[in-house]
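Engineer: Test case, fold it:
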Amino acid sequence: MLKTFKYRIFPTKKQLKNLETTLDECRWLYNHLLEMRKTAYELSLIHISEPTRLLSISYAV
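Structural biologist: Have a look, this model is predicted:
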């Protein structure tokens with residue numbers, strides 16, 4: 001059995017804004033990579049592996 005802990009955070013308005021921005025960027029990146037993976041599979045039945053996706057991120061940055 002795993003033990004879990006819950007912590008409440010009380011960010012300031014500035015911290016909350018930064019947190020929302022970071023989460024929005026993560027959401028956008030996840031959705032973009034998912035779309036890229038689905039499109040590649042639909043067009044050529046190719047499975048894009050995790051290392052390939054990570055490489056595409058490093059080139060984009």
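Engineer: any idea how far Thr39 is from Leu45?
Structural biologist: Going from Thr39 to Leu45 by C-beta to C-beta, to the nearest Å gives 12 Å. Just so you know, the C-beta spots here come from the backbone N, C-alpha and C atoms, and that holds for glycine as well.
Engineer: quick one, which of those two is more surrounded?
Structural biologist: The neighbour comparison of Thr39 against Leu45 (other C-beta atoms under 10 Å) goes to Thr39, with 11 against 7.
Engineer: Remind me which helix or strand that one belongs to.
Structural biologist: helix 13-44 (DSSP states H and E).
Engineer: average pLDDT across that helix?
Structural biologist: Here helix 13-44 scores 90 as its mean pLDDT.
Engineer: Next, the buried residues of it.
Structural biologist: Leu33, Arg37 (16 or more other C-beta atoms under 10 Å).
Engineer: helices or strands next to that helix in the packing?
Structural biologist: helix 50-60 (3 or more C-beta pairs under 8 Å, 6 or more residues apart in numbering; DSSP states H and E).
Engineer: Mind checking the pLDDT average for the helix it packs on?
Structural biologist: In this model, helix 50-60 has a mean pLDDT of 63.
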